[in-house]
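*Asks:* give me coordinates for this.
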Amino acid sequence: MKTDYWPGPARARRALCGALLGATLGACAWLPAPPSPPTPDPRASPTLPYGVATVTPRPGPTRAIVATPANAHEAQPGAVGLGDVFYPDLGNGGYDALDYTIDLSVDVASNALAGTTTMVARATQTLSAFNLDFFGLDVLDVTLNGQPARYNRAGQELTVMPPAKITADSRFTSTVRYRGTPTVISDSGIPRIPLGWQRQITGTFVASEPSGAMNWYPLNNHPRDKATYTFRITVPGPYQVAANGVLADRFDAANGASTWIWRMAQPMASYLATVHIGLYDVETSSGPRGLPIRNYFPMTTPAFTRRQFDKTAEMMAFMEEKVAPYPFDEYGVVLLTNDSTWALETQSLSIFGARGAGEDTVFHELAHQWFGNSLTPAQWQDTWLNEGFATYYSALWQERTRGKAYFESVMRSHYSTMAGARLGPPYVREVDQLFGGAVYLRGALTLHALRALVGEANFDRAMREYYQRYQGGVASTEDFLATVTEVAGAAPAAALRPWIFDVEIPPFPN
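*Replies:* Predicted structure coming up:
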């Protein structure tokens, strides 16, 4: 993700903005914070919309991601939450989601949905009940393996009570039917940016990082539990639908509506799922090895904005050279009809505002397809493994295209910003720094330190090994350091720890 809002003292924000104007992230602007959205009334009927959902990430106990009872054959409810340090109540324990089919009929004019989400999952313990994260929309009914199931709602938690226990290691299928109008999620981990399913000038879009996915489908809402997806989206004519993966089918109904079926066959974290409904001019081209590239431009997008994405195939080839083959079946971008202060790396279909973005941001979101999407952080506190990596590979692209002197000036500018603003380490301790400058810039400097320590060839070897070991899954900061130790040695890995964890920044790497 790229965002122009990083919390912190005004002096630090001004220093950071000044550096970024000349480096990688483009123009910055800080506006007065809007009033806090209303907190949902916990006494409200669980079948009524709650208004604006407010997710307040908070430090919590570090619990096991998957909790298994001592007696795996004794039926117990799955855990409420996966124990994330910043988001302890997001996600749910007791099962592993394998696949989602999301079937939506959308009234674009009113933004109302009629939906059915089917989840195929494997029980990781014997379950007497399990939870799904789901907020605001009205639940009509729930079935389990085709049989009616009782359910209960409290806040964002939808608790499903099966008619008989679900045995450990067995597969089961849950289906939830629902309807209503989504209400955006407000998450204090990323202030001022509404999340989830939301309207735009023409049509709708979905941008969920980190917690917004639960405002439009019921799920296990944590990056730790990735799954494959099928989207079946029905819209009135002449609207088009873009989503993750490959357009598998499209058919028209007699009433003028059309159904678009998209399939994401590789595992995907919930915050990366996206659906866009609008009127688009679809431009297609080819990347490395003939890989399809499809860009969804609103009809009014000018030519100079479209041309910002002309180097996508070259950028993909660079990432394939440095890391590994592109991990999905297609790639492309979709532009919003309104401008935005952010861009987001939704899997295989990155989102940009109506005016597009500079070359560094275009590359940044592409680099996330490897680091962030295919290889995903195990906890939100590991976000620097997304943002620092994408920032550094964008700088490496600039080294290739603009020369070593320019690259060195970018790295020194990052260092000057971090040293002057004193924003702390990329492994952040405060949730309001989840997308702060240290995650991006000091995260990139951490990789620059590794490259300086071991040389370019060993750096590339360590990064390839790290990616290949965890692609399609999740990894932690300690997983990354363990890989560096195995490939490059204990001393370089130890030298990285102050870069990742210490408040004071180490000397600039030479």
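
*Asks:* now for this structure, the helix or strand with the poorest mean pLDDT.
*Replies:* helix 10-21 (a mean of 39; mean pLDDT, DSSP states H and E).

*Asks:* okay, now the domains of this protein?
*Replies:* 11-33+375-501, 65-278 (automatic domain parsing).

*Asks:* what's the burial count for the closest residue to Trp216 other than its chain neighbours?
*Replies:* The spatially closest residue to Trp216, leaving aside those adjacent along the chain, is Trp197, at 3.8 Å (Cβ to Cβ, 6 or more residues apart in numbering). For the C-beta atoms, the positions are set from N, CA and C on the backbone; glycine is no exception. A count of neighbours around Trp197, defined by other Cβ atoms under 10 Å, yields 28.

*Asks:* my guess is Trp197 contacts Gly203, does it?
*Replies:* No. Counting by Cβ atoms under 8 Å, Trp197 stays clear of Gly203, with 11.4 Å between them.

*Asks:* ranges for the helices of this structure?
*Replies:* For the chain, the helices defined by DSSP state H cover 10-21, 303-306, 312-322, 359-367, 384-402, 404-421, 437, 443-454, 456-470, 477-488, 490-501.

*Asks:* pLDDT below threshold where in the stretch 1-150 of the chain?
*Replies:* Counting by pLDDT under 70, the stretch 1-150 of the chain shows low-confidence ranges at 4-72.

*Asks:* swap in 90 and give it another go.
*Replies:* 2-73 (pLDDT under 90).

*Asks:* before we move on, what about the chain?
*Replies:* In the predicted model of the chain, residues 2-73, 188, 191-192, 253-254, 341, 421-422, 510 satisfy pLDDT under 90.

*Asks:* number of nearby residues for Ala490?
*Replies:* For Ala490, the neighbour count with other Cβ under 10 Å is 11.

*Asks:* near the nearest residue to Leu247 once chain neighbours are set aside, how many other residues are there?
*Replies:* Nearest residue to Leu247, sequence neighbours excluded (Cβ to Cβ, 6+ apart): Trp262, at 5.7 Å. Neighbour count of Trp262, defined by other Cβ under 10 Å: 24.

*Asks:* kindly report the same for His414.
*Replies:* 27.

*Asks:* how close does it get to Ala390?
*Replies:* Shown here: His414 relative to Ala390, a distance of 14 Å by Cβ to Cβ, to the nearest Å.

*Asks:* check Met214 too.
*Replies:* Distance, Met214 to Ala390, by Cβ to Cβ: 25 Å.

*Asks:* go on, Gln471?
*Replies:* 16 Å.

*Asks:* who has more neighbours out of these two?
*Replies:* Taking other Cβ under 10 Å, Gln471 and Ala390 do not tie; Ala390 has more neighbours (28 against 20).

*Asks:* once you drop chain neighbours, what's closest to the more buried one?
*Replies:* Leaving aside its sequence neighbours, Ala390 sits nearest to Ala367 (Cβ to Cβ, 6+ apart; 4.2 Å).

*Asks:* so who does the one you found touch?
*Replies:* 319, 389-390, 393-394 (Cβ atoms under 8 Å, 6 or more residues apart in numbering).

*Asks:* closest to Val184 out of those?
*Replies:* For these, the minimum distance to Val184 (Cβ to Cβ) is 25.3 Å, reached by Ala390.

*Asks:* isn't that closest one right up against Thr361?
*Replies:* No. Between Ala390 and Thr361 there is no contact, the gap being 9.7 Å when judged by Cβ under 8 Å.

*Asks:* so Val409 versus Pro507, what's the distance?
*Replies:* One correction, residue 409 is Ser, not Val. To Pro507, Ser409 is 18 Å away according to Cβ to Cβ.

*Asks:* have a look at these two and say which one is more surrounded.
*Replies:* Neighbours per residue (other Cβ under 10 Å) separate Ser409 from Pro507, with Ser409 holding more: 15 against 9.

*Asks:* how much space separates the more buried one from Thr417?
*Replies:* 13 Å.

*Asks:* could you do Pro238 as well?
*Replies:* In this view, Pro238 and Thr417 are 47 Å apart by Cβ to Cβ.

*Asks:* before we move on, what about Ala493?
*Replies:* Taking Cβ to Cβ, one finds Ala493 at 26 Å from Thr417.

*Asks:* before we move on, back to that, among the contacts of Ala367, who's most crowded?
*Replies:* When neighbours are counted by other Cβ under 10 Å, Ala390 leads the contacts of Ala367 with 28 neighbours.

*Asks:* tell me the contacts of the residue of the chain positioned farthest from its centre?
*Replies:* What lies farthest from the middle of the chain is Ala254; by Cα atoms, centre = their mean that is 36.8 Å. With contact set as Cβ under 8 Å, 6+ apart, Ala254 has no partners.

*Asks:* now do Asp169
*Replies:* When contacts are counted by Cβ under 8 Å, 6+ apart, Asp169 touches 122-124.

*Asks:* ok, 10 Å please
*Replies:* By Cβ atoms under 10 Å, 6 or more residues apart in numbering, the contact list for Asp169 reads 72, 122-126.

*Asks:* make TSV out of these and add neighbour count.
*Replies:* Putting the contacts of Asp169 into TSV (neighbours: other Cβ atoms under 10 Å) gives the following:
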residue	neighbour count
Ala72	14
Arg122	14
Ala123	20
Thr124	17
Gln125	26
Thr126	20
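
*Asks:* quick check, nearest of those residues to Asp329?
*Replies:* Arg122 (24.5 Å).

*Asks:* surely that closest one and Ala168 touch.
*Replies:* Yes. If you go by Cβ atoms under 10 Å, Arg122 and Ala168 touch, sitting 9.2 Å apart.

*Asks:* who touches both of these two?
*Replies:* Shared contacts of Arg122 and Ala168 (Cβ under 10 Å, 6+ apart): Tyr95.

*Asks:* so what's the nearest residue to Asp460 once chain neighbours are set aside up against?
*Replies:* Distance criterion Cβ to Cβ, 6+ apart; nearest residue to Asp460, sequence neighbours excluded, is Lys322 at 6.1 Å. Contact partners of Lys322, counting by Cβ under 10 Å, 6+ apart, are 367, 370, 393, 396-397, 400, 456, 459-460, 463-464, 467.

*Asks:* Ser476 now?
*Replies:* Ser476 neighbours (Cβ under 10 Å, 6+ apart): 377-379, 381-382, 385, 470, 482.

*Asks:* with Gln398 instead?
*Replies:* Per Cβ under 10 Å, 6+ apart, neighbours of Gln398: 23-24, 359-360, 363, 404, 406-407, 409-410.

*Asks:* ok, now with 8 Å
*Replies:* Gln398 is in contact with 24, 360, 406-407, 410, counting by Cβ under 8 Å, 6+ apart.

*Asks:* okay, and the beta partners of the nearest residue to Asp138 once chain neighbours are set aside?
*Replies:* Spatially, and ignoring its direct neighbours in sequence, Asp138 is nearest to Gly180 (4.7 Å; Cβ to Cβ, 6+ apart). For Gly180, the beta-bridge partners are Leu113 (DSSP bridges).

*Asks:* relative to Ser208, how far out is Gly180?
*Replies:* Distance from Gly180 to Ser208, counting by Cβ to Cβ: 18 Å.

*Asks:* more neighbours, these two?
*Replies:* Ser208 (25 against 19).

*Asks:* can you verify my assumption that the more buried one contacts Met268?
*Replies:* No. Counting by Cβ under 8 Å, Met268 is not a contact partner of Ser208; they are 11.5 Å apart.

*Asks:* what residues are up against the residue lying closest to Val80 once chain neighbours are set aside?
*Replies:* Of all residues not flanking Val80 in the chain, Asn131 sits nearest, at 5.5 Å (Cβ to Cβ, 6+ apart). Contacts were defined as Cβ under 8 Å, 6+ apart; by that measure Asn131 touches 77-78, 80, 92, 157-160.
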